[in-house]
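1. Below are the sequence and a predicted model; questions follow.
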Amino acid sequence: MGALMKKETFIKSTLILIIGGAITKALGMFIKIVMTRIVGVEGISLYMLIFPTFSLFMTISQLGFPVAISKLVAEERYSNKSLVFSIIPFSLAFNIILMFVIILIAPTLANDLLREPRAYYPILAIALVLPFDSLSSILRGYFFGKQKMFPHTISLVTEQIVRLFLIVIIIPSLLEKNIIFAVSGLVLVNMISELSSILILLLFIPNKKNIKKEEIVPVLSNVKNILAIALPTTGSRLIGSICYFFEPIILTLALTTIGYNSNYIVTEYGIIEGFVLPLLMLPNFFTNALSSVLVPIVSKSYAKKDKIEIRKRLRQVTIISLLIGIPTTMILMINPTFFLNIIYKTKEGGSYLRFIAPFFVILYIQAPLASVLQAINKAKNIMYDNLLGTIAKIILIFVCSFLNIGLYGFLVAMIANILIVTILHFKTIKKELYD
């Protein structure tokens with residue numbers, strides 16, 4: 001009976017996340033289309049140039065709290081209210097510090113590293129988004145741990161709708177002033193959309209009226225337990241975000257050294273990051289949804305030392321990920337410019353898309369492997385694997401840039417990272433669950 005209920009919970013949670021993920025992904029793609037039509041290639045290229053910085057500070061601001069909260073809530077050994085209320089004050093204080101850091105480094109980052117003075121104000125705008133993103137991620141972690149996926153799904157869909165509405169209403173007016181105002185607005189829209197997500201999640205918090213004063217007071221032991229899981233997890237994500245942060249900096253440095261124009265670099269990098277990769281990442285809402293469900297379920301199975309159940313769940317998720325990922329990749333390879341033209345009204349990036357698409361099949365199974373490793377207390381292995389993959393990627397970005405093959409050197413480095421990290425994850429899984 002217990003096994004049947006567990007199976008039903010897994011299927012129900014997965015279906016909710018997949019349906020919600022499909023809606024969210026469709027809205028996200030529509031938002032990207034609207035953004036492209038409103039701000040054009042120039043605006044998207046500038047936005048994608050500062051997006052690695054945005055991504056890095058978002059990763060730092062969350063500090064791995066969502067995964068840690070999800071895991072501890074799923075284990076049912078602690079007071080859920082105490083866990084959440086213990087970490088929120090810590091998170092807000094930490095994010096205030098990050099805001100000051102961004103203000104201090106923004107001039108150097110925009111003018112000296114990215115060599116794009118127009119990036120200054122969009123980088124400053126990132127600071128205002130961080131506290132809202134961190135708080136919403138903590139609340140989502142709570143619902144993941146409880147295996148209640150409906151609040152998470154509703155909040156994401158609401159967030160995307162609010163974001164779309166604000167982009168359509170506000171950005172055209174800002175664009176009339178100049179492109180800098182418009183791109184800064186695209187960043188700040190995330191602040192309001194994250195706030196809407198927080199409000200939706202709070203509506204689903206059970207027993208809001210029964211929260212006692214002593215439960216709101218932070219408990220140091222809870223903070224320590226959360227950080228013990230969160231920091232290794234953040235270390236793993238942070239490595240990838242740091243690499244992402246340095247990508248445009250290293251590309252600009254290397255390619256301008258051998259004679260490429262900085263405008264060409266910004267435009268081509270924007271095409272890859274803004275058009276090519278979003279298309280290839282379409283199947284990820286399935287794999288991410290499945291992987292998110294895996295963490296609490298595998299955590300429970302691992303606590304019971306049920307390796308058979310873990311292997312079964314991993315096998316299911318991997319097969320589904322491949323069944324979705326392989327056809328998508330093949331379709332994009334056959335006629336890449338068709339989809340670029342239909343979605344973005346451009347044929348730019350078709351050759352890039354065809355070149356890198358086959359290797360993304362491997363990436364689609366990376367998320368399930370990482371989720372299982374997190375759930376079986378191997379977050380450090382994820383961090384080490386990502387570190388090795390990142391080192392290889394950074395080196396290859398720099399070296400391949402001097403081969404005078406434009407942005408294809410960047411794609412080669414990305415492929416190497418995908419292969420290295422996925423293979424290392426698989427080796428650890430094999431050792432822990434199959435040997």
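-> Done, it's in. Residues are numbered from 1 along each chain as shown.

2. The spatially most central residue of the chain: which element?
-> When the chain is reduced to its mean C-alpha position, the closest residue under C-alpha atoms, centre = their mean turns out to be Ser55, at 7.7 Å. Counting by DSSP states H and E, the secondary-structure element that holds Ser55 is helix 2-62.

3. average pLDDT across that helix?
-> Rounded to a whole number, the mean pLDDT of helix 2-62 is 76.

4. for stretch 354-368, same thing?
-> 88.

5. What residues of the helix or strand hosting Phe338 count as buried?
-> Per DSSP H and E, Phe338 falls inside helix 336-344. Taking 16 or more other C-beta atoms under 10 Å as the neighbour-count basis, helix 336-344 is seen to contain the buried residues 336, 339-340, 343-344. For glycine as for every other residue, the C-beta is placed from the backbone atoms N, C-alpha and C.

6. want to try JSON lines for those, with pLDDT as columns?
-> Written out in JSON lines, the entries for the buried residues of helix 336-344 read as follows (pLDDT from 0 to 100):
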{"residue": "Pro336", "pLDDT": "85"}
{"residue": "Phe339", "pLDDT": "83"}
{"residue": "Leu340", "pLDDT": "84"}
{"residue": "Ile343", "pLDDT": "77"}
{"residue": "Tyr344", "pLDDT": "77"}
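
7. And the residues you listed, which is closest to Leu124?
-> Of all the buried residues of helix 336-344, Tyr344 has the smallest distance to Leu124: 28.0 Å, by C-beta to C-beta.

8. what's Ser193 in contact with, if anything?
-> When the contact criterion is C-beta atoms under 8 Å, 6 or more residues apart in numbering, the partners of Ser193 are 159-160, 162-163, 166.

9. distance of it from Leu164?
-> Counting by C-beta to C-beta, to the nearest Å, the gap between Ser193 and Leu164 amounts to 9 Å.

10. and if you look at Thr337?
-> If you measure Thr337 against Leu164 using C-beta to C-beta, the figure is 26 Å.

11. again, but for Glu432
-> Glu432 sits 42 Å away from Leu164 when distances are taken as C-beta to C-beta.

12. pLDDT below threshold where in the stretch 51-200 of the chain?
-> Counting by pLDDT under 70, the stretch 51-200 of the chain has low-confidence residues at 75-82, 147.

13. Would you map the helices across it?
-> Listed in chain order, the helices found in the stretch 51-200 of the chain under DSSP state H, counting those that start in this stretch are 65-75, 80-108, 120-145, 149-177, 179-203.

14. Just send these back as TSV, with distance to Phe398 too.
-> Converted to TSV, these look like this (distance: least, C-beta to C-beta, whole Å):
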stretch	distance to Phe398
helix 65-75	32
helix 80-108	21
helix 120-145	23
helix 149-177	35
helix 179-203	27
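
15. Could you pull out the helices in the stretch 251-400 of the chain for me?
-> Listed in chain order, the helices found in the stretch 251-400 of the chain under DSSP H, counting those that start in this stretch are 262-271, 277-280, 284-303, 307-334, 336-344, 350-356, 360-363, 366-375, 379-401.

16. pLDDT on the second one, on average?
-> The reference is to helix 277-280. For helix 277-280, the mean confidence score works out to 85.

17. now the last one
-> Helix 379-401 shows a mean pLDDT of 87 in the predicted model.

18. Identify each buried residue in that helix, please.
-> Residues of helix 379-401 classed as buried under the neighbour-count rule (16+ other C-beta under 10 Å) are 379, 381-387, 389-390, 392-394, 396-398, 400-401.

19. repeat for the fourth one
-> By neighbour count with 16+ other C-beta under 10 Å, helix 307-334 contains the buried residues 309-310, 313-314, 317-318, 320-322, 324-325, 328-329, 332.

20. how much space between Leu63 and Leu227?
-> The value you get for Leu63 to Leu227, if C-beta to C-beta is used, is 8 Å.

21. Specify which residue of these two has the higher count of neighbours.
-> Between Leu63 and Leu227, counted using other C-beta atoms under 10 Å, Leu63 has the larger neighbour count: 25 against 17.

22. measure the more buried one to Ile87 for me?
-> When C-beta to C-beta is the yardstick, Leu63 and Ile87 sit 9 Å from each other.

23. Over to Lys312?
-> In this structure, Lys312 and Ile87 are 33 Å apart, going by C-beta to C-beta.

24. Also Leu130?
-> 15 Å.

25. Could you do Leu227 as well?
-> With distances defined as C-beta to C-beta, the gap from Leu227 to Ile87 amounts to 9 Å.

26. Just give the nearest non-adjacent residue to Ile226, would you?
-> Ala68 (4.5 Å; C-beta to C-beta, 6 or more residues apart in numbering).

27. wait, doesn't the one you found sit right on Ile138?
-> No: when contacts are counted by C-beta atoms under 8 Å, Ala68 is not listed as touching Ile138 (9.4 Å).

28. follow-up on the earlier one: figure out how far the helix holding Phe338 is from the centre of its chain.
-> Here the centre of mass of C-alpha atoms in helix 336-344, compared against the chain's by C-alpha atoms, centre = their mean, to the nearest Å, lies 24 Å away.

29. could you dump it to PDB, C-alpha only?
-> What follows is the C-alpha trace of helix 336-344 in PDB, where atoms were taken according to Å, rounded to 0.1, in the frame of the first residue of the first chain:
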ATOM      1  CA  PRO A 336      17.500  25.000 -37.900                       C
ATOM      2  CA  THR A 337      16.800  28.200 -39.800                       C
ATOM      3  CA  PHE A 338      13.100  27.400 -40.200                       C
ATOM      4  CA  PHE A 339      12.600  27.400 -36.400                       C
ATOM      5  CA  LEU A 340      14.800  30.500 -35.900                       C
ATOM      6  CA  ASN A 341      12.800  32.400 -38.500                       C
ATOM      7  CA  ILE A 342       9.400  31.200 -37.200                       C
ATOM      8  CA  ILE A 343      10.200  32.000 -33.600                       C
ATOM      9  CA  TYR A 344      12.600  35.000 -33.700                       C
END
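
30. Next, the angle from that helix to helix 262-271.
-> Computed with axes from the mean of the first three to the mean of the last three C-alpha atoms, to 10 degrees, the direction of helix 336-344 lies at 90 degrees from that of helix 262-271.

31. Contacts for helix 336-344, please.
-> Under the criterion C-beta under 8 Å, 6+ apart, residues 29, 32-33, 36, 275, 279, 331-332, 346-351, 353-354, 357 lie in contact with helix 336-344.

32. Go again with 7 Å.
-> In this structure, residues lying in contact with helix 336-344 by C-beta atoms under 7 Å, 6 or more residues apart in numbering are 29, 33, 36, 275, 279, 332, 346-347, 349-350, 353-354.
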